[in-house]
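Novice: sharing a model prediction with you, sequence too.
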Amino acid sequence: MTNGFSILPDFPPEVLAVKGSGTIDAEAYETVLRPEVEHRLRRHAHIRLLYILDETFEGFTAGAAMSDARLGMSHLHDFSRIAVVTDAGWVAKSVHLFAPLIKAPVRTFPLAKRGAAKAWISEPDASAEAQADPPMGDSFPI
């Protein structure tokens, strides 16, 4: 069994799709999730997060809980949409508890509905389109 996070491919660049497996520790946050969040935020004003805790998910270490809190607080307003996919009821309840602190829409989905979560996190958002990021690089079309 793999422990930690893996980044899922085949999503739009502003969508960070991550899968958590086994027991997730602080190192997973600091070496995988945090660098990927910061990498995407250098290219986009806001990003979307699809956070899937798969069937093998067993829990978080105390260090992971602290890293999660630090990551969340340091990027509180950097997400435009968050989907958490899990069958762990305590995780879904925790998400609902903290969702009011987050400016972005937050939804939870059971693992059986991960397709709906992927569709929701990727669907166009008219307000996001109006706030599209400028092109990257040295040129800016006039």
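Specialist: Received the coordinates, thanks. Here the structure is a predicted model, which means the values were calculated and not measured.
Novice: center of the protein, which residue is that?
Specialist: Centroid-nearest residue in the chain: L49, 2.6 Å away (criterion: C-alpha atoms, centre = their mean).
Novice: that one and A62: what is the separation?
Specialist: Separation of L49 from A62 (C-beta to C-beta, to the nearest Å): 22 Å. (Glycine included, C-beta is placed from N, CA and C.)
Novice: which other helices and strands contact whatever helix or strand V37 lives in?
Specialist: In the assignment (DSSP states H and E), V37 maps to helix 34-41. Judged by 3 or more C-beta pairs under 8 Å, 6 or more residues apart in numbering; DSSP states H and E, helix 34-41 is in contact with strand 15-21, strand 47-53, helix 62-74.
Novice: now mean pLDDT too, for those, in CSV please.
Specialist: Shown next, in CSV, are the helices and strands packed on helix 34-41 (pLDDT from 0 to 100):
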stretch, mean pLDDT
strand 15-21, 97
strand 47-53, 97
helix 62-74, 89
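Novice: reformat those as JSON lines; add distance to A28.
Specialist: Listed next are the helices and strands packed on helix 34-41 as JSON lines, based on distance: least, C-beta to C-beta, whole Å:
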{"stretch": "strand 15-21", "distance to A28": "8"}
{"stretch": "strand 47-53", "distance to A28": "12"}
{"stretch": "helix 62-74", "distance to A28": "7"}
